[in-house]
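Novice: sequence first, predicted coordinates after that:
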Protein chains: 2
Amino acid sequence: MKIEVFYSLSQIDDLFLRDKNVVVIDVLRASTTVIAALNSGAREIIPVNTIESAVKVSGNLFGDVVIRGGERNAKMIEGFNLGNSPFEYTPETVKGKSIIFYTTNGAPAMWKARYAKNLLIAGFVNITAVVNKIKEIKEDVYILCAGKQTQFCIEDAVCAGMLTKLLIDDEETEIEFNDSAVAAVALFKNYSKNLLKMTRTCDHGKYLIEIGFEKDIEFCTTIDTFNVVPELSANVLKLKKKVETPSAPHVPISIDTAGVKGE
Amino acid sequence: MKIEVFYSLSQIDDLFLRDKNVVVIDVLRASTTVIAALNSGAREIIPVNTIESAVKVSGNLFGDVVIRGGERNAKMIEGFNLGNSPFEYTPETVKGKSIIFYTTNGAPAMWKARYAKNLLIAGFVNITAVVNKIKEIKEDVYILCAGKQTQFCIEDAVCAGMLTKLLIDDEETEIEFNDSAVAAVALFKNYSKNLLKMTRTCDHGKYLIEIGFEKDIEFCTTIDTFNVVPELSANVLKLKKKVETPSAPHVPISIDTAGVKGE
């Protein structure tokens, strides 16, 4: 098994992530907001990588079951219904709604990973649920930190390190890491007892406090507040329904597969 | 004072570094080799960002006082005199020579910072000399890790962290850091007692061991083996001669400058 971490979108191109298992992290705040929104009953979230796309995608449906959410430079966008604070995405506001979602860093990261085999959205707030999901998948994992434009963000790196640490703790097979994954684990260990201090004093945390979002930082640093994992399918983020075990086992397919393997 | 660290060339563009004080780090091995070469008496090193440039720049002079050094994917390049091992750059081989220098990551990093106000080359092997030089400059510092193409390399990050840590240890003024600088210091603290283990097990270290350069890794991880700082001037890396105090002070210029400032 392989775990690779990337600290910003500038480190990789879209095609690198094709058919891979990708986890996108943007702790402050896009990941946390998407998780909170779907937990509040939003029907789906459609991440887009430009404001123009947000307007185009929402089109005529806008205002009815389709709303626009997100931010530019952490602030509300004109013509959008909601900003990027997880507190805004209450059941009263988002239940049953499709949300077109644009943010400066997080939404482009989700969009960049749109060709992934599995794309999961993670933050501190749902980290155990994501760990469990990856353990089910049992394949190589690529963790993409949204960062800040081309820059490294320590809060995303520490969250990637926590995810990596939890994944390897009771793993029996040998795991290959890239340097960024090794460093992320070291950073998580360094900050694990002071997560909130870290998110309050990091570059983006300081900026969010300046513009009045101190409560958001505290909320985004809570661990396992939610037990849901947003997953992308056909460019739309949803919570996957649990699939029931089919009544009849797929015996013929099993036999075919075994035959192919044996060749 | 501000200290910012960047983990790969993809994080910034050439113009961002213009007129700034820049330190380029490529521990394995370009920084270390450049430092060793100039310490061995090489006249100058001209970093270029493509192999074609290396051939073009050396031109007809090639083979006489001008030689070509470097690597592609850590291996010798056809038509080059020297590879990228610091052990090759002995006084017997390089004394008095101009070296056109191309490597996969380090040389492009040096070239990227060519518009800097001051460009210094650092590694573990000359870290105290670099610290002293930066303390003389007494201005904001931008530390550019060469990384590996667009990727983070832990050995460069740890060296950047050591440099940052040494710079702030007895600094009395308040210092601003970016997230990467904060993380680099945390990584240095984590690995300070196991530097060699870190360089031997990092992505590029493992690759160098595979292709037979284990001794290089040990050498590149030694601290303060050299007391020299390569500095770029007019696209050429040299060791600066100490400038004697001029016999007559530039009194008229001082008065003019004061006049302009007062306007």
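Specialist: That came in fine, so what should we check first?

Novice: for the stretch 1-150 of chain A, what spans make up the strands?
Specialist: A:2-6, A:21-25, A:44-47, A:66-70, A:98-102, A:118-122, A:141-145 (DSSP state E, counting those that start in this stretch).

Novice: pLDDT (mean, whole number) over the shortest one?
Specialist: Averaged across strand A:44-47, the pLDDT comes to 96.

Novice: who touches residue A:42 in this structure?
Specialist: Under the criterion of C-beta atoms under 8 Å, 6 or more residues apart in numbering or on different chains, the contact list for residue A:42 reads A:89, A:94-99. Backbone N, C-alpha and C define where each C-beta goes, glycine included.

Novice: so what's residue A:123 up against?
Specialist: Residues in contact with residue A:123 (C-beta under 8 Å, 6+ apart) are A:25-27, A:31-32, A:35, A:159, A:220.

Novice: run the last query once more with 6 Å
Specialist: With contacts defined as C-beta atoms under 6 Å, 6 or more residues apart in numbering or on different chains, the neighbours of residue A:123 are A:27, A:31-32, A:35.

Novice: same check, this time on residue A:45
Specialist: Shown in contact with residue A:45 (C-beta under 6 Å, 6+ apart): A:34, A:99, A:101, A:237.

Novice: run a quick neighbour tally on the closest residue to residue A:19 other than its chain neighbours.
Specialist: On the basis of C-beta to C-beta, 6 or more residues apart in numbering or on different chains, the spatially nearest residue to residue A:19 that is not a chain neighbour turns out to be residue A:117, at 4.7 Å. The local packing count at residue A:117 equals 12, with neighbours defined by other C-beta atoms under 10 Å in any protein chain shown.

Novice: if I look at residue A:117, how far off is residue B:15?
Specialist: Summarising the geometry, the distance separating residue A:117 from residue B:15, computed by C-beta to C-beta, to the nearest Å, is 38 Å.

Novice: what's the answer for residue A:64, then?
Specialist: Distance, residue A:64 to residue B:15, using C-beta to C-beta: 46 Å.

Novice: and residue A:168, by the same measure?
Specialist: Counting by C-beta to C-beta, the gap from residue A:168 to residue B:15 is 41 Å.

Novice: output the below-cut-off pLDDT ranges for the stretch 51-200 of chain A.
Specialist: Along the stretch 51-200 of chain A, the model assigns pLDDT under 70 to residues A:60-63.

Novice: flag every residue of it that's near chain B.
Specialist: The stretch 51-200 of chain A comes close to chain B at residues A:150, A:152-154, A:179-180, A:182-183, A:186-187, A:190, as judged by C-beta under 6 Å from any C-beta of the partner chain.

Novice: keep only those of those residues that are in helices.
Specialist: Among those, the residues falling in helices (DSSP state H) are A:154, A:179-180, A:182-183, A:186-187, A:190.

Novice: filter those to the buried ones?
Specialist: If you count burial by 16 or more other C-beta atoms under 10 Å in any protein chain shown, the buried members of these come out as A:154, A:179-180, A:182-183, A:186-187, A:190.

Novice: tabulate those residues in TSV, adding columns for distance to residue A:8.
Specialist: Output for these, formatted as TSV (distance: C-beta to C-beta, whole Å):
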residue	distance to residue A:8
A:154	12
A:179	15
A:180	10
A:182	17
A:183	14
A:186	19
A:187	15
A:190	20
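
Novice: and the residues you listed, which is closest to residue B:5?
Specialist: Closest approach between those and residue B:5, by C-beta to C-beta: residue A:154, at 11.3 Å.

Novice: now the closest one, nearest residue through space, not along the chain?
Specialist: Take residue A:154 and drop its neighbours on the chain: the residue closest to it by C-beta to C-beta, 6+ apart is residue B:179, 4.1 Å away.

Novice: buried sites along stretch A:223-234?
Specialist: In terms of neighbour count (16+ other C-beta under 10 Å), stretch A:223-234 has its buried residues at A:225-226, A:228-232.

Novice: pLDDT on it, on average?
Specialist: Here stretch A:223-234 scores 97 as its mean pLDDT.

Novice: which residues are in contact with that stretch?
Specialist: When contacts are defined by C-beta under 6 Å, 6+ apart, stretch A:223-234 is touched by residues A:34-35, A:38-39, A:119-121, A:124-126, A:128-130, A:133, A:237, A:239-240.

Novice: against chain B, how distant is residue A:239?
Specialist: Distance from residue A:239 to chain B, counting by C-beta to the nearest C-beta, to the nearest Å: 31 Å.

Novice: residue closest to the middle of chain A?
Specialist: What sits nearest the mean C-alpha location of chain A, by C-alpha atoms, centre = their mean, is residue A:121, with 2.1 Å.

Novice: that one - nearest residue in space that isn't next to it in sequence?
Specialist: Once flanking residues are discounted, residue A:121 sits nearest to residue A:230: 4.0 Å by C-beta to C-beta, 6+ apart.
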